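Enquirer: Take a look and give me a structure for this.
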Amino acid sequence: MTFAKKALFASGMTLLGAGALTSAAALAQATLNGAGASFPAPFYQRVFAGAASQGVRVNYQSVGSGAGVRQFVAGTVDFGATDEPIKASEVAKVKRGVVQFPAVGGTIAIAFNKPDCPSLRLTQKQAVDIFLGKIRTWEQLKCGKGPITVAHRSDGSGTTFAFTNSLSAFSPEWKSKVGEGKAVKWPVGVGGKGNEGVAALISNTPGSIGYLNQAFVKGRIKAAALQNRAGRFVMPNLRGGAAALNNIKLNSMLAGEDPNPAGADSYPISTLTWILAYKSGNGAKAPAIQKAMNILLSSAAQNQADDLGYVPLKGSILSQARNAVKSIGK
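Expert: Have a look, this model is predicted:
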């Protein structure tokens with residue numbers, strides 16, 4: 001090979017290498033990494049899997065709301081997800097600014113596995129007493145026989161916040177003894193990580209009861225009907241969740257809750273779940289982030305929510321969420 005040919009060959013290899021690096025960089029820019037709440041994970045993962053055909057790759061890790069907020073504050077993800085709105089003290093640590101918006105709604109079921117208890121109706125007091133450890137047997141619930149095994153989250157969880165927030169609204173005793181938070185000191189029970197872990201515990205433990213996003217109620221696991229403020233026993237389905245979410249008013253950060261909503265059809269433990277994005281510092285990924293979030297809030301995506309066990313966003317809440325996405329900048 002002559003010197004000229006060698007030089008041309010080397011030059012070609014250099015150009016080929018540069019092209020490969022450019023392609024790799026472009027792919028990295030097009031792949032978004034998010035982490036957080038396990039509550040909406042099946043919905044997010046289904047929608048984001050479909051987003052790939054629209055040119056947006058999203059890797060969403062279901063690590064729990066607590067971990068998701070920590071990673072978002074630390075800036076190690078492109079977006080976070082949480083079932084408890086971000087605190088002002090956490091917002092203050094994010095120099096890039098925070099864009100928070102609801103992405104879907106859901107209900108938290110009191111879920112159980114009891115083959116000789118085909119259906120279960122719980123008053124709010126009974127629900128509290130189970131998790132306080134005052135009700136210890138299925139005989140006390142007049143639904144089968146044997147001891148009750150209580151299952152709860154072991155990790156920091158927005159699902160736990162929403163659930164314990166409702167128990168505090170149901171009972172002054174719960175509020176004073178345990179309170180509400182992403183993690184609390186449980187009076188009784190065994191812990192599982194994520195909604196997935198609690199679902200596995202309940203599914204594998206006959207005689208158990210715990211709390212789960214409705215989307216995880218399947219197979220051996222059933223949901224109890226829970227008494228609402230109006231005195232009616234309501235299931236954690238689309239009708240009950242939609243009636244409850246209609247009572248939620250959002251603040252300037254698009255956060256809002258009602259831990260024991262009014263309304264004859266309202267399911268008492270219903271909640272929104274939120275995406276956390278950055279206002280600035282997104283660079284070349286900004287258009288991809290906006291596109292991914294617009295896909296998540298699209299009619300096509302929201303129409304899948306009910307089939308997956310969630311409550312779709314509608315009306316003013318959906319409009320406010322879509323408008324917030326416009327604030328995600330470079």
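
Enquirer: what separates Gln71 from Val63, distance-wise?
Expert: Computed as C-beta to C-beta, to the nearest Å, the Gln71 to Val63 distance reads 8 Å. C-beta: built from backbone N, CA, C; applies to glycine.

Enquirer: residues bridging contact with those two, i.e. touching both?
Expert: Residues touching both Gln71 and Val63 (C-beta atoms under 8 Å, 6 or more residues apart in numbering): 35-36.

Enquirer: Buried residues, whatever helix or strand Leu201 lives in. List them.
Expert: Using DSSP states H and E, Leu201 sits within helix 194-203. Going by neighbour count (16 or more other C-beta atoms under 10 Å), the buried part of helix 194-203 is 194-195, 197-203.

Enquirer: Ok, stretch 307-324 next?
Expert: Buried-residue list, stretch 307-324, by 16+ other C-beta under 10 Å: 308-313, 317-318, 321-322, 324.

Enquirer: from those, which ones fall inside helices?
Expert: 317-318, 321-322, 324 (DSSP state H).

Enquirer: Give me the neighbour count for Val99.
Expert: Neighbourhood size, Val99 [other C-beta atoms under 10 Å]: 22.

Enquirer: Helix, strand, or coil at it?
Expert: strand (DSSP: H, G, I helix; E, B strand; the rest coil).

Enquirer: go on, Thr273?
Expert: What three-state DSSP gives for Thr273 is strand.

Enquirer: residue contacts, it?
Expert: Per C-beta under 8 Å, 6+ apart, neighbours of Thr273: 37, 39-40, 81-83, 102-106, 158.

Enquirer: swap in Ala264?
Expert: Counting by C-beta under 8 Å, 6+ apart, Ala264 has contacts 228, 230, 232, 243.

Enquirer: and it, what element?
Expert: Going by DSSP H and E, Ala264 is not in any helix or strand.

Enquirer: got the residue ranges for the strands in the stretch 101-250 of the chain?
Expert: For the stretch 101-250 of the chain, strands defined by DSSP state E, counting those that start in this stretch occupy the ranges 121-122, 149-153, 190-192, 208-213, 222-223, 225-227, 233-234.

Enquirer: So which residues of this protein form helices?
Expert: Counting by DSSP H, the helices of the chain are 3-30, 41-51, 65-74, 88-91, 124-132, 158-170, 172-177, 194-203, 238-245, 286-296, 299-302, 315-325.
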